[in-house]
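Undergrad: I'll drop the sequence and a predicted model, then ask my questions.
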Amino acid sequence: MHFKHPEILYFLFLLIVPILVHLFQLRRFKKEYFTNVRFLKALSIQTRKSSKIKKWLLLACRLLLLTCIIIAFAQPFFESKDSKNASNELYIILDNSFSMQAKGKKGELLKRAVQDLLEKTPENINFSLLTNTENYWNTDIKSIRSALQNLKYSATPFQLDNILAKIRAHKSAFKKDIIVITDAVGLDEKQLKNSDATNLPLFIIPKAEQKNNVSIDSVFINKTLDNFYEISVKISGYGEDFNPIPISLYNENKLIAKTIVTLDTKKKNLNFTIPKQAFHGYFSIVDNGLSYDNMFYFSIAKTKKTNVISIGEPAKSNFLSRIYTSEEFNFNNYTLSTLDYNKLEEQDAIVLNELDEIPQALATTLKSFIDKGGNLIVIPSAKSSISNINSFISNFGKLTFNSFEIREKQITKINFNHPLFNGVFENKVTNFQYPKTKSSFAISSSSPAVLSYEDQSIFLTSIANSVAAVSVFAAPINIENSNFQQSPLIVPTFYKMAINNQNNGVNALTIGNNNPHFTEVSLNKDAILTIKGLEEQFIPIQQILNNKVKLTFNDNPEQAGNFSIYNKKEWVEKISFNYNRTESDLASINENILSDYKTIKSIPSLFDTLQTDRTDNQIWKWFVIFALIFLISEMAIIRFVK
């Protein structure tokens, strides 16, 4: 037994006072003798005996009463079994990512967790609450009641290591109890490795009853016809035995098409035909799983022709005119002698087609062109000076032309993961007729190859920055040196190199990905573009280029939807944002990774455990009760004992 105020026990010396008083009252009786009163004498002796018993009982009661009062004020207690952690600071990490929309036994996992926190958290406990996006330091349940009740699902995926880093940065002299409330979707060993060994987190894992979920993953243009687009929507199913799913297509909130899809495979593409015009809408499905991935917003801008100039001999540029057709491109070819430098800034892409020498004036102009978001394609000439072309290429990145080799080589490897071929190939092609070149330059580059020779050397690479790309070939591709012009690869390769960062396809950005968006508009230096939706608006980070503006959104907007870009009050462009689909697979939980960590069944049991294990057993109340008992006993003795 321990005492909270042991110094009060010194007052036990006061017990000597009732003892002294008692001894004073127990002085000897003076004997008085009476003549012939035998019966009266016997009565006197009997009275003296009962009086002594009564006074001894009163002394015992008073001593015990005073002792109990003194001990009660000293506040005795039995120490708890986990008393060394009683002063720990409490940190609660609450996962509010979209996977917590899943339904458990008592409703949505996040809403149930919030309700348990509101009902079961003791009001006298101070703690810190951290979610995917918000931090509430050193607070209590009363102070954050409103914030918890209004807590929304976050588009930011649950990253436990990032939140733990915030807690570690929050310096404190006390140990920390870290409670993690998450469904563990997306949780991996890498995130757990960053846990502090001295403050290992405890996990509460609410489990979903329904693991089936259907998600709309992407939308893209499958075919472009004369007057129509054939757009494809990709649907993914996670789980087993799906019911038929209704899917609807809306344009400006007007229903355009509706059908039923049966998921007989995990992935399925559906095709819809829409007029070849501007589109600003979404696809929508209805399923029993998560709701955040049931809508996919997208926009298709009015088709604008891409401006492309080829600088080189006309005879060597005929193949480009067959790729950059008048339906989608404004294509022109100039020789060096006829080139108007003033037209270069108006272009979206420029092709240097086998120039023997690149003049310094052209190199300076092209550097400014790249810095402002233009795309450049460099096809070397067999007569190119290595020093000249290296001097030019060094303006854009780490790429070096080495010796010129007269040796036939086949182009055998396609980098399907390169951004240049994003969305070009549905499947990896392995059996195609390999194009070849008779002579080529040896190239060393820090950028990955797009196309490679059979000896793993580079045939085509791309130096990309945040606003533009410089694509460089290792060999001339004229018909005398190569059959690449007859290869099926030439059309998608040159097409994608020219339209890089153009908005002629489906516009559907992912919140949080930070991929830049380029808006074709000319602004004054002081002008600012604003993004507006139905419920929110924001100003993105923006960089004014030549005839474009580069927009970077970071974690904006907070909600997916269709938005518009405005220059003050003037409408500029439609744009759409969607949530990342990383949390759609509810069956991706790896429960084994938590085998080395302590788990708690529920939030109520958490606080019950902390209360039981860390709260000292206060027994001063018992001494107060005993004091009352002895007080009543004393009064009873005085009243009833004769």
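TA: That came in fine, so what should we check first?

Undergrad: can you find the helix or strand in this structure with the smallest mean pLDDT?
TA: strand 617-618 (a mean of 66; mean pLDDT, DSSP states H and E).

Undergrad: buried residues in the helix or strand just after it?
TA: Sequence order places helix 620-640 as the next helix or strand after strand 617-618, per DSSP states H and E. Residues of helix 620-640 classed as buried: 620, 623, 626-627, 630-631, 633-634, 637 (neighbour count, 16 or more other C-beta atoms under 10 Å). C-betas here are computed from N, CA, C, even on glycine.

Undergrad: centre of the chain versus helix 620-640, how much separation?
TA: 64 Å (C-alpha atoms, centre = their mean, to the nearest Å).

Undergrad: name the helices or strands packed onto it?
TA: Applying 3 or more C-beta pairs under 8 Å, 6 or more residues apart in numbering; DSSP states H and E, one finds that helix 620-640 contacts helix 38-73, strand 76-78.

Undergrad: weakest of the ones you listed by average pLDDT?
TA: With a mean of 68, strand 76-78 has the lowest mean pLDDT of the helices and strands packed on helix 620-640.

Undergrad: tell me the SS of the residue nearest the centre of the chain?
TA: Closest residue to the average C-alpha location of the chain: Pro157 at 2.4 Å, with C-alpha atoms, centre = their mean. At Pro157 the chain is in coil, as set by DSSP: H, G, I helix; E, B strand; the rest coil.

Undergrad: so how far is Phe473 from it?
TA: Pro157 sits 39 Å away from Phe473, taking C-beta to C-beta, to the nearest Å as the criterion.

Undergrad: repeat for Asn481
TA: Distance from Asn481 to Phe473, by C-beta to C-beta: 11 Å.

Undergrad: likewise Asn415?
TA: Taking C-beta to C-beta, one finds Asn415 at 15 Å from Phe473.

Undergrad: the two: which is more packed in?
TA: Neighbours were counted for Asn415 and for Phe473 using other C-beta atoms under 10 Å; Phe473 has more, 24 against 16.

Undergrad: name the nearest residue to the more buried one, sequence neighbours excluded.
TA: In space, and not counting its chain neighbours, Phe473 is closest to Ile379: 4.9 Å by C-beta to C-beta, 6 or more residues apart in numbering.

Undergrad: okay but that neighbour is in contact with Pro476, surely?
TA: Yes - counting by C-beta atoms under 8 Å, Ile379 does reach Pro476; the two are 6.5 Å apart.

Undergrad: quick check: neighbours shared by the two?
TA: Glu354 (C-beta atoms under 8 Å, 6 or more residues apart in numbering).

Undergrad: which residues touch Thr510?
TA: Taking C-beta under 8 Å, 6+ apart as the criterion, Thr510 is in contact with 577-580.

Undergrad: switch to 7 Å and redo it
TA: 578, 580 (C-beta atoms under 7 Å, 6 or more residues apart in numbering).

Undergrad: distance of Lys304 from Leu509?
TA: For Lys304 relative to Leu509 (C-beta to C-beta), the value is 19 Å.

Undergrad: same check on Leu529?
TA: 15 Å.

Undergrad: give me the more crowded residue out of the two.
TA: Leu509 (22 against 19).

Undergrad: skipping adjacent residues, who's closest to the more buried one in space?
TA: Distance criterion C-beta to C-beta, 6+ apart; nearest residue to Leu509, sequence neighbours excluded, is Phe577 at 5.2 Å.

Undergrad: please give the element, helix or strand, for that neighbour.
TA: Short version, using DSSP H and E: Phe577 is in strand 570-578.

Undergrad: so which bits of that strand are buried?
TA: Quick answer for strand 570-578 (16+ other C-beta under 10 Å): 572-578.

Undergrad: try stretch 450-469
TA: Buried residues in stretch 450-469 (16+ other C-beta under 10 Å): 450-453, 457-464, 467-469.

Undergrad: residue ranges with poor pLDDT in the stretch 401-550 of the chain?
TA: Within the stretch 401-550 of the chain, the stretches with pLDDT under 70 are 422-432, 466, 501-504.

Undergrad: run the last query once more with 50
TA: For the stretch 401-550 of the chain, no stretch is flagged by pLDDT under 50.

Undergrad: where along it do the strands fall?
TA: 409-414, 436-437, 440-445, 449-453, 458-464, 469-473, 506-507, 509-510, 517-519, 529-532, 537-538, 541-544, 549-552 (DSSP state E, counting those that start in this stretch).

Undergrad: how many residues are close by Phe3?
TA: Other residues close to Phe3 by other C-beta under 10 Å number 15.

Undergrad: typo on my end, it should be Asn515
TA: 10.

Undergrad: list the contacts of it.
TA: Here Asn515 is in contact with Leu509 (C-beta under 7 Å, 6+ apart).

Undergrad: any idea how far it is from Gln486?
TA: In terms of C-beta to C-beta, Asn515 sits 35 Å off from Gln486.

Undergrad: just Asp177 next, same as before
TA: As judged by C-beta to C-beta, Asp177 and Gln486 stand 69 Å apart.

Undergrad: how about Ser439?
TA: Distance of Ser439 to Gln486, computed by C-beta to C-beta: 18 Å.

Undergrad: the two: who's more crowded?
TA: Ser439 (17 against 11).

Undergrad: excluding its backbone neighbours, what's nearest Met1?
TA: Of all residues beyond its chain neighbours, the one nearest Met1 is Pro76 (5.3 Å), with distances taken as C-beta to C-beta, 6+ apart.

Undergrad: please name the residues that touch that neighbour.
TA: Shown in contact with Pro76 (C-beta under 7 Å, 6+ apart): 1-3, 619-620.

Undergrad: same check, this time on Pro18
TA: Contacts of Pro18 (C-beta under 7 Å, 6+ apart): 59, 62-63, 66.

Undergrad: can you check the distance spanned by stretch 515-535, start to finish?
TA: Using C-alpha to C-alpha, to the nearest Å, one end of stretch 515-535 lies 23 Å from the other.

Undergrad: scratch that, stretch 367-379
TA: 17 Å.

Undergrad: ok, stretch 201-219 next?
TA: End residues of stretch 201-219 are separated by 40 Å (C-alpha to C-alpha).

Undergrad: not counting its neighbours along the chain, what's nearest Ser487?
TA: Pro435 (4.0 Å).

Undergrad: my guess is the one you found meets Ile411, correct?
TA: Yes - in terms of C-beta atoms under 7 Å, Pro435 counts as a neighbour of Ile411; the distance is 4.9 Å.

Undergrad: who's more crowded, those two?
TA: Set Pro435 next to Ile411 and count neighbours by other C-beta under 10 Å: Ile411 wins out with 23 against 20.

Undergrad: so what's the more buried one bridging to?
TA: Tyr453 (DSSP bridges).

Undergrad: that one contacts Tyr434, doesn't it?
TA: Yes - here Ile411 reaches Tyr434: they are 5.9 Å apart, a contact under C-beta under 7 Å.

Undergrad: list the buried ones in stretch 181-191?
TA: Those would be 181-187, 191, for stretch 181-191 by 16+ other C-beta under 10 Å.

Undergrad: next step: those residues restricted to helices.
TA: Gln191 (DSSP state H).

Undergrad: looking at the buried residues of stretch 181-191, which are in strands?
TA: Among the buried residues of stretch 181-191, the residues falling in strands (DSSP state E) are Ile181.

Undergrad: would CSV of the buried residues of stretch 181-191 with pLDDT be doable?
TA: As requested, the buried residues of stretch 181-191 are exported to CSV (pLDDT from 0 to 100):
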residue, pLDDT
Ile181, 92
Thr182, 91
Asp183, 89
Ala184, 87
Val185, 86
Gly186, 81
Leu187, 84
Gln191, 79
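
Undergrad: ok, so of the buried residues of stretch 181-191, who is nearest Asn253?
TA: Val185 (31.5 Å; C-beta to C-beta).

Undergrad: tell me the secondary structure at the closest residue to the closest one other than its chain neighbours.
TA: Spatial nearest neighbour of Val185, chain neighbours left out: Ser99 (3.9 Å); criterion: C-beta to C-beta, 6+ apart. Following three-state DSSP, we place Ser99 in the helix state.
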